[in-house]
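Trainee: Predicted model, plus sequence, below.
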Amino acid sequence: MGKHYDNFGMPSSMKRKFDVYNRISELNIDLGSFDEDVVSLKGAGIAGAVIHESGLVYMSGYTAGDIVMSDDDDVIKKGQDSGQEGADVIIRRLHWVLSAGKEGDLNDVLYTIKALAMVVSPGGGEFMNSPRVANGFSFRWHSVFGGGMGAYANDGIDQGGFSGVHARSAIGGFDGSFSIEPEIIVAIPVSLAKEIIENRGWVFPLPPEMLDKIK
């Protein structure tokens, strides 16, 4: 497991019992590369992630899909697939947020705090299936980090743990040319947050000077 994770105090029964990267490989999630994903903050108006000294990591949302949601089951399935795509992209980004300067990695994620899923759907209260659409995101997160609705769960129990389970809001009625925009907050050890901030700052992508430093 991650060096920071191993040193963090929590009940042993609640610690993950698997390597997150083994699941990522089995699920065919592309983590990209340093050159592709560790880039400059120059000219950016919004950060992809902000690390708080308390150990919270706030991840910006990702817009996925290209159709408006309706109550048709096939459309909802496409929305769920788009939610899964959003999870994969945010997991890829989080990997580089934690590992760009070799401070830690995804095995250092302690647990997941809160997800928000904004679903593009008709207004006026006509669409009531935003939670079903958002499940595509949430259950993929369970699969990677542990949870009872993920691909590795049996009868609602993931023997690897529960660190992917999160509080969530799933809200419909948004306009847009996409299907869903999920975002998430995760917890990492304070020791890792401190090391990252001291080494390269609290924001990702990186300020130009910090990018030059870790390159």
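Mentor: Done, it's in.

Trainee: Asp81: neighbour count?
Mentor: Counted with other C-beta atoms under 10 Å, residues neighbouring Asp81 total 17. C-beta here means a position set from N, CA and C on the backbone, and glycine is covered the same way.

Trainee: how about it, what does it touch?
Mentor: With contact set as C-beta atoms under 8 Å, 6 or more residues apart in numbering, Asp81 has these partners: Gly65, Gly136.

Trainee: How about the one 5 residues further on?
Mentor: Contacts for Gly86 (C-beta under 8 Å, 6+ apart) come out as Gly61, Tyr62, Thr63, Ala64, Phe137, Ile180, Glu181, Pro182.

Trainee: how close does it sit to Glu198?
Mentor: 31 Å (C-beta to C-beta, to the nearest Å).

Trainee: got it, and Phe137?
Mentor: 32 Å.

Trainee: Of those two, give the one with the bigger neighbour count.
Mentor: More crowded of Phe137 and Glu198, by other C-beta under 10 Å: Phe137, with 32 against 11.

Trainee: Now the more buried one: closest residue in space, sequence neighbours ignored.
Mentor: In space, and not counting its chain neighbours, Phe137 is closest to Gly83: 3.6 Å by C-beta to C-beta, 6 or more residues apart in numbering.

Trainee: Ile113 now?
Mentor: That would be Ile185: by C-beta to C-beta, 6+ apart, it lies 4.2 Å from Ile113.

Trainee: what's the following helix or strand after whichever strand or helix holds the one you found?
Mentor: Assigned by DSSP states H and E, Ile185 belongs to strand 180-187. Per DSSP H and E, the first helix or strand lying C-terminal to strand 180-187 is helix 190-200.

Trainee: Just the CA atoms of the helix or strand where Arg140 lies, as CSV, please.
Mentor: According to DSSP H and E, Arg140 maps onto helix 130-145. Extracted as CSV, the C-alpha positions of helix 130-145 are listed here (Å, rounded to 0.1, in the frame of the first residue of the first chain):
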residue,chain,number,x,y,z
SER,A,130,-30.7,11.6,-11.8
PRO,A,131,-29.6,9.2,-9.0
ARG,A,132,-29.7,6.2,-11.4
VAL,A,133,-27.6,8.1,-13.9
ALA,A,134,-25.1,9.2,-11.2
ASN,A,135,-24.7,5.5,-10.2
GLY,A,136,-22.5,5.0,-13.2
PHE,A,137,-20.0,7.3,-11.6
SER,A,138,-20.4,6.2,-8.0
PHE,A,139,-20.3,2.5,-8.6
ARG,A,140,-17.2,2.8,-10.8
TRP,A,141,-15.6,4.7,-7.8
HIS,A,142,-16.6,1.7,-5.6
SER,A,143,-15.0,-0.7,-8.0
VAL,A,144,-11.6,1.1,-7.8
PHE,A,145,-11.4,2.1,-4.2
